[in-house]
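Participant: Have a look at this prediction, sequence included:
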Amino acid sequence: MKKVQSKTNGVITQTSWKNAMKRDWQLYLLLLIPLVLVIVFSYGAYPGLRMAFMDYKPAKGFDGSEWVGLKTFQKIFKDADFARALRNSIVFNVLDLLVGFPMPIILALILNELRYQRFKKVSQTILYLPHFLSWAIIGSVALTMFKPSSGLVNIALMQANLIESGIPFLNEKWHWAITYLLIGVWQSMGWGTILYLAAITGISGEQYEAAMIDGANRWQRMIHITLPGIRSTIVTLLIMNLGRVMGSNLERLTSLGNTQVKEFQYQLAIYIFNKGLENNKFSQATAVGLFQSAIGVVLVLLSDRIAKKLGEDGLL
Amino acid sequence: MEKNKKGQGEESFSAGGAHAVNKFKISDAIMMLVIIILCATCVLPFLHVAAKSISGNTAVMSQSVYFWPKDITFDAFKRVLADASMSSSMLFSVWVTLLFTLLGMIVCTCAAYPLSKKRLKGRGVLTFLLMVPMYFTAGIIPQYILYHQLHILDTFWVLILPLIYSPYNMLIMKNFFASTIPDSLEESAFLDGASNFQILWKIVLPLSKPILATLSLFYAVGRWNSYADNMYYTRSSDLKMMQYKLYQLVASATEAQNASLADTGGVTQSTPEVLQAACIMFVTIPIIIIYPFLQKYFVQGTMVGAVKG
């Protein structure tokens, strides 16, 4: 057995392509399928990005449209709609990150401390559920719950004499902002715990035992053992989430939004959809999309770099 | 994996017991309470909608239905089912989801298995090529133009092909293969003259049931739930999936809260409230039915696949 091992090990470093092909042609054949798909459907769309530097007219196509350099970008940076969309995207996504990121960590710590395994299992099952429901469902249920006059939440609050008239949870922009954020947190918190819980199972029980012999209480164990034990998971997920600071989920925005809250609901995802597919301003929408993707990549690379400087594993 | 987890759980449990003598402390009560409240926020809204969907119109109108139905009637459900456009779009959703999941799993395995082999020459470059789309996408407009050029705009295929390869799922599967299938197992099969295909089919896949179940669920739920692409890239009404229909129905109901649903779903003459509730349940029930069965797999599968990720 050992001989085989060393033989294959030796092969790894110096196999020629010919030998690799001979041995693993079937593997390369398998890889061909996803590669073709990625090349056609993902990389295939990259050349379309040149629309951002053209005055693209659908009727004229790429060949007939004029190159305009950075004019489109100059135009969008002067566009009031873009400014509003950008501001909303950044504000809401940063808030999302601030409120939504710590929640799964806290929840995972709590779940980990629960004593009754059955209770833990059942509550996990329930908490994961919102992740598996579409924004169409969540939006419509939220609407049923939060209607100013007939929503269950308002009725309950009114019957408890806490308020006199219904709160416009989804119909007034400031209330909407809070409701939108909380629903987002609610939807992702349960599922978000799964990776942290996985990391927690990797922490050795001995550490806890030793701490307990030293007289550490539950709170101290949580802070000094569990939390450091999942630190690398936290960092990885933080980097991934930072990449999303520019992008918002169109489904979430549209399913919770309405015309009364347009001012806050109008984020980059909506801008792109509006300008691009509804008003045929292809160049403008492409430029904004490119801007959005580029910032996302830069943020991921930058935070990865910083994480590595700070001695973490990073993501890439 | 499962065994490990349990073993460790018991260990820390008994260790805790040794010191704290299993006393149920106030902190336990607080934590349980927090969890119970959070669980309630996940269950009660759906219970409320479910109760509404099978209640009588007058009871719903007078806002006296909370979590228990009043004047039970299944009229709204019957009406939803009788609406041809609703049931056909439900069938369409099921069909698209099934095909999408099957193709997605094939593509995912085709990518993940070879890339999990350290000996594969060119592995680094190939992995890079297959991971880039996770971080950088061209955006919807270039994609729209591309699909137009490929002539798949407003066809069935635009709902399937662009998304069946998922870098995220591939990563999870690759990590699973790399961490749970021992190399020695494959090597001995290799020495017995088995080909790569045979090893994958007869040895690796049968050992990978948790991850196959998990990712099938991810694919299926992902397809079943998303409708943004349905909104961007299709126009025909026979390509409308269930979720998109629900979204449109609710969006128009939001804008005109008391308007009838006549112009959206073709469902007429009923209180929007009950009917809306029935539509929501109609779309939610399939997920709620399959969810508990798959739950034990996906927790295990995600954990194993994600530990390294």
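Facilitator: In hand now; what should we look at? Numbering: from 1, shown residues only, chains lettered A, B, ... in the order given.
Participant: contacts, neighbours, all on C-alpha from now
Facilitator: Will do.
Participant: correct me, but residue A:44 touches residue B:145?
Facilitator: No - when contacts are counted by Cα atoms under 8 Å, residue A:44 is not listed as touching residue B:145 (10.2 Å).
Participant: Tell me which residues touch residue A:52, please.
Facilitator: For residue A:52, the contacting residues are A:72, A:73, A:283, A:284, A:285, A:286, A:287, A:290, taking Cα atoms under 8 Å, 6 or more residues apart in numbering or on different chains as the criterion.
Participant: restrict those to contacts with chain B.
Facilitator: Restricting these to those adjacent to chain B (criterion: Cα under 8 Å from any Cα of the partner chain) gives A:285, A:286, A:290.
Participant: Excluding chain neighbours, give the residue nearest to the second one in space.
Facilitator: In space, residue A:286 comes closest to residue A:52 once its chain neighbours are excluded; the distance is 5.3 Å by Cα to Cα, 6 or more residues apart in numbering or on different chains.
Participant: My impression was that that neighbour belongs to a helix - is that right?
Facilitator: Yes - Residue A:52 forms part of a helix when assessed by DSSP: H, G, I helix; E, B strand; the rest coil.
Participant: domains in chain B, as residue ranges please.
Facilitator: Using automatic domain parsing, the domains assigned to chain B come out as B:1-73, B:75-309.
Participant: Could I get those in JSON lines, plus columns for distance to chain A, mean pLDDT and mean neighbour count?
Facilitator: Shown next, in JSON lines, are those (distance: least, Cα to the nearest Cα, whole Å; pLDDT from 0 to 100; neighbours: other Cα atoms under 10 Å in any protein chain shown):
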{"stretch": "domain B:1-73", "distance to chain A": "6", "mean pLDDT": "74", "mean neighbour count": "16"}
{"stretch": "domain B:75-309", "distance to chain A": "5", "mean pLDDT": "84", "mean neighbour count": "19"}
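Participant: Out of these, which gets nearest to residue A:133?
Facilitator: Proximity to residue A:133, assessed across the domains of chain B by Cα to Cα, is greatest for domain B:75-309 (6.5 Å).
Participant: Could you dump the domains of chain B into CSV with distance to residue A:196 added?
Facilitator: Formatted as CSV, the domains of chain B follow (distance: least, Cα to Cα, whole Å):
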stretch, distance to residue A:196
domain B:1-73, 14
domain B:75-309, 9
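Participant: what does the stretch 51-200 of chain A have sitting close to chain B?
Facilitator: By Cα under 8 Å from any Cα, the part of the stretch 51-200 of chain A that sits against chain B consists of A:51, A:110-111, A:114-115, A:123, A:125-127, A:129-130, A:132-137, A:140-145, A:150, A:152, A:194-195, A:198-199.
Participant: So which of the contacts of residue A:52 is the closest to chain B?
Facilitator: When the contacts of residue A:52 are compared for distance to chain B (Cα to the nearest Cα), residue A:286 wins out at 5.8 Å.
Participant: Pull the number of nearby residues for the closest one.
Facilitator: Counted with other Cα atoms under 10 Å in any protein chain shown, the neighbours of residue A:286 add up to 28.
Participant: what do you get for the one 4 residues further on?
Facilitator: Here the number of neighbours of residue A:290 (other Cα under 10 Å) works out to 21.
Participant: ok now do it, which residues does it touch?
Facilitator: Residue A:290 is in contact with A:49, A:52, B:138, B:139, counting by Cα under 8 Å, 6+ apart.
Participant: Out of those, which comes closest to residue B:178?
Facilitator: The shortest distance between residue B:178 and any of the contacts of residue A:290, using Cα to Cα, involves residue B:138 and amounts to 30.8 Å.
Participant: ok, now how distant is the closest residue to the closest one other than its chain neighbours from residue A:266?
Facilitator: Residue nearest to residue B:138 in three dimensions, not counting chain neighbours: residue A:46, with 5.4 Å by Cα to Cα, 6+ apart. When distances are taken as Cα to Cα, to the nearest Å, residue A:46 and residue A:266 turn out to be 26 Å apart.
Participant: who has more neighbours, these two?
Facilitator: Neighbours around residue A:46 and residue A:266, counted as other Cα under 10 Å, are more numerous at residue A:266. The numbers are 23 against 18.
Participant: excluding its backbone neighbours, what's nearest residue B:102?
Facilitator: Distance criterion Cα to Cα, 6+ apart; nearest residue to residue B:102, sequence neighbours excluded, is residue B:216 at 7.8 Å.
Participant: My guess is the one you found contacts residue B:105. True?
Facilitator: Yes - here residue B:216 reaches residue B:105: they are 6.6 Å apart, a contact under Cα under 8 Å.
Participant: mind listing what the residue nearest to residue B:138 touches?
Facilitator: By Cα under 8 Å, 6+ apart, the contact list for residue A:46 reads B:137, B:138, B:142.
Participant: would you turn those into a markdown table with secondary structure?
Facilitator: What follows is the contacts of residue A:46, written out as a markdown table (three-state DSSP):
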| residue | secondary structure |
| --- | --- |
| B:137 | coil |
| B:138 | coil |
| B:142 | helix |
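Participant: Just the closest of the residues you listed to residue A:221, please.
Facilitator: Once Cα to Cα is applied, the member of the contacts of residue A:46 that ends up nearest residue A:221 is residue B:137, at 42.2 Å.
Participant: follow-up on the earlier one: which strand or helix spans the residue nearest to residue B:102?
Facilitator: For residue B:216, the host element (DSSP states H and E) is helix B:209-225.
Participant: Check residue A:90 too.
Facilitator: Applying DSSP H and E, one finds residue A:90 within helix A:80-100.
Participant: from the chain's centre, how far out does that helix sit?
Facilitator: Centroid separation between helix A:80-100 and its chain, computed with Cα atoms, centre = their mean, to the nearest Å, is 14 Å.
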